[in-house]
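Enquirer: here you go, sequence then predicted model.
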Amino acid sequence: MEKKIVDVGEVIDSAKFFWVPFWISLMMIIIMLTDGFDLFTMGYVGPHLLEDWGITRAQLGPVNSAGLVG
C-alpha cells in the first residue's frame, strides 16, 4: 500500500472558504449592533420616561435590569 503525502498548507490555500467566514462575521457584527441598540435607546429614552410616567430613577431600575436579563 502506497502512502499518500498531503501538503496541508496547499489544501488550506486552495480552499474556497472566504465567503462562509465573511458572511458569518458580517451577521455577527449586525447581531452585536442590534443587541447593544436597546441599551443605547434606554439611555436616551429613560429620562423622558421618568418625566412622562412620573416615576423615580429607582423605579426605572428594574426595567433596565430586565432588558439585560432578557
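Expert: That came through, no problem. Residues are numbered from 1 along each chain as shown.

Enquirer: now do the helix of greatest length in the chain: distance to the chain's middle.
Expert: When the chain is parsed with DSSP state H, its longest helix is helix 19-53. Chain-centre distance of helix 19-53: 8 Å, with C-alpha atoms, centre = their mean, to the nearest Å.

Enquirer: please pull up the helix or strand immediately following that helix.
Expert: helix 57-69 (DSSP states H and E).

Enquirer: contacts made by that next one with the rest, please.
Expert: 38-39, 42, 46, 49-50 (C-beta atoms under 8 Å, 6 or more residues apart in numbering). Heads up, the C-betas are built off the backbone N, CA and C, glycines and all.

Enquirer: give the rounded mean pLDDT of stretch 42-59.
Expert: In this model, stretch 42-59 carries a mean pLDDT of 91.

Enquirer: and that stretch, C-alpha only, in PDB?
Expert: C-alpha atoms of stretch 42-59 as PDB (Å, rounded to 0.1, in the frame of the first residue of the first chain):
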ATOM      1  CA  MET A  42     -32.800  53.200  27.100                       C
ATOM      2  CA  GLY A  43     -30.100  55.700  28.000                       C
ATOM      3  CA  TYR A  44     -31.700  58.200  25.700                       C
ATOM      4  CA  VAL A  45     -35.400  57.400  26.400                       C
ATOM      5  CA  GLY A  46     -35.000  56.800  30.200                       C
ATOM      6  CA  PRO A  47     -35.100  60.500  31.300                       C
ATOM      7  CA  HIS A  48     -38.200  61.100  29.100                       C
ATOM      8  CA  LEU A  49     -39.900  58.000  30.600                       C
ATOM      9  CA  LEU A  50     -39.200  59.300  34.100                       C
ATOM     10  CA  GLU A  51     -40.900  62.600  33.200                       C
ATOM     11  CA  ASP A  52     -43.800  61.200  31.300                       C
ATOM     12  CA  TRP A  53     -44.700  58.400  33.700                       C
ATOM     13  CA  GLY A  54     -43.900  60.400  36.800                       C
ATOM     14  CA  ILE A  55     -41.700  57.700  38.400                       C
ATOM     15  CA  THR A  56     -38.300  57.900  40.100                       C
ATOM     16  CA  ARG A  57     -35.000  56.600  38.800                       C
ATOM     17  CA  ALA A  58     -35.100  53.800  41.400                       C
ATOM     18  CA  GLN A  59     -38.400  52.600  39.900                       C
END
